[in-house]
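Asker: Sequence first, predicted model second:
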Amino acid sequence: RIGIKVGANYTNPSGVNFSDWSAGGSVRKGVGFTGGAFVKVKLPVTGLFVEAEALYSTYKVRIDNDGDTPDFKVKSEKTEFPVHVGLTFLKFIEVYTGPSFNYLSSSHTNLDDLELSDGRHGVKVAGDVGLRAVIQRFTVDFRYQFPFSGQKSFVQNMGNTLSFKSNPAMMTLSLGYSIL
């Protein structure tokens, strides 16, 4: 099967360190977009399948500052190449797992006076686990992605530094359609 999918992701930032940020603050989780294409091959008789995807994703982290400094957002973009092995149950339920090779391509903030010292760019590896319902040519897919690797990113403003994990955990809900 060959198809397309679109959906939304929910980012859960981790490893946030406000120790060098004089104002303190909190981190809000963000919602982003995911879309792309997939190829899926069913292995005969076994109920197993192998699937490869090429996805474009955006995600956000919002920092709410305590004190006088304004709140800011860090928006990031990445291209994902997951490879999954899965099992089909009851002819319409699929569970899968596998690695996702993520190329983190860009990050930027909404404020010009913030400097983003970024460890995000380059290839990072994450793991995926997911559950999918298949209804004829349509799929509803829920996936959890957890990072295996990822350096810290740093936001600097007037001598203050805030660090956070550059490849955050992500939950994705998507709809797919098999063209072939």
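Answerer: Good, I have the coordinates. Numbering: from 1, shown residues only.
Asker: you'd agree residue 43 is up against residue 50?
Answerer: Yes - between residue 43 and residue 50 there is a contact under C-beta atoms under 8 Å: 7.0 Å. C-beta here means a position set from N, CA and C on the backbone, and glycine is covered the same way.
Asker: So between these two, which is more surrounded?
Answerer: Comparing residue 43 with residue 50 by other C-beta atoms under 10 Å, the one with more neighbours is residue 50, at 15 against 10.
Asker: roughly how far apart are the more buried one and residue 32?
Answerer: 27 Å (C-beta to C-beta, to the nearest Å).
Asker: What pLDDT is listed against the closest residue to residue 148 other than its chain neighbours?
Answerer: Leaving aside its sequence neighbours, residue 148 sits nearest to residue 125 (C-beta to C-beta, 6 or more residues apart in numbering; 4.6 Å). pLDDT, residue 125: 85.
Asker: Repeat that for residue 42.
Answerer: Value for residue 42, per-residue pLDDT: 93.
Asker: mind listing what it touches?
Answerer: 1, 48, 49, 88 (C-beta atoms under 8 Å, 6 or more residues apart in numbering).
Asker: make it 7 Å
Answerer: Going by C-beta atoms under 7 Å, 6 or more residues apart in numbering, residue 42 touches residue 49.
Asker: returning to what we had before: name the element the residue nearest to residue 148 belongs to?
Answerer: Using DSSP states H and E, residue 125 sits within strand 122-135.
Asker: Following the chain onward from that strand, which element is next?
Answerer: strand 138-147.
Asker: I would like the residues contacting that following strand, please.
Answerer: Here strand 138-147 has contacts from 5, 100, 124, 126-133, 165, 167-177, using C-beta under 7 Å, 6+ apart.
Asker: got the buried residues for that strand?
Answerer: 139, 141, 143, 144, 145, 147 (16 or more other C-beta atoms under 10 Å).
Asker: how far off strand 122-135 does it point, in degrees?
Answerer: 150 degrees (axes from the mean of the first three to the mean of the last three C-alpha atoms, to 10 degrees).
Asker: Give me the sheet partners of strand 138-147 and which way each runs.
Answerer: The strands that strand 138-147 pairs with in its sheet are strand 122-135 (antiparallel), strand 169-178 (antiparallel) (by DSSP bridges).
Asker: Good, wrapping up.
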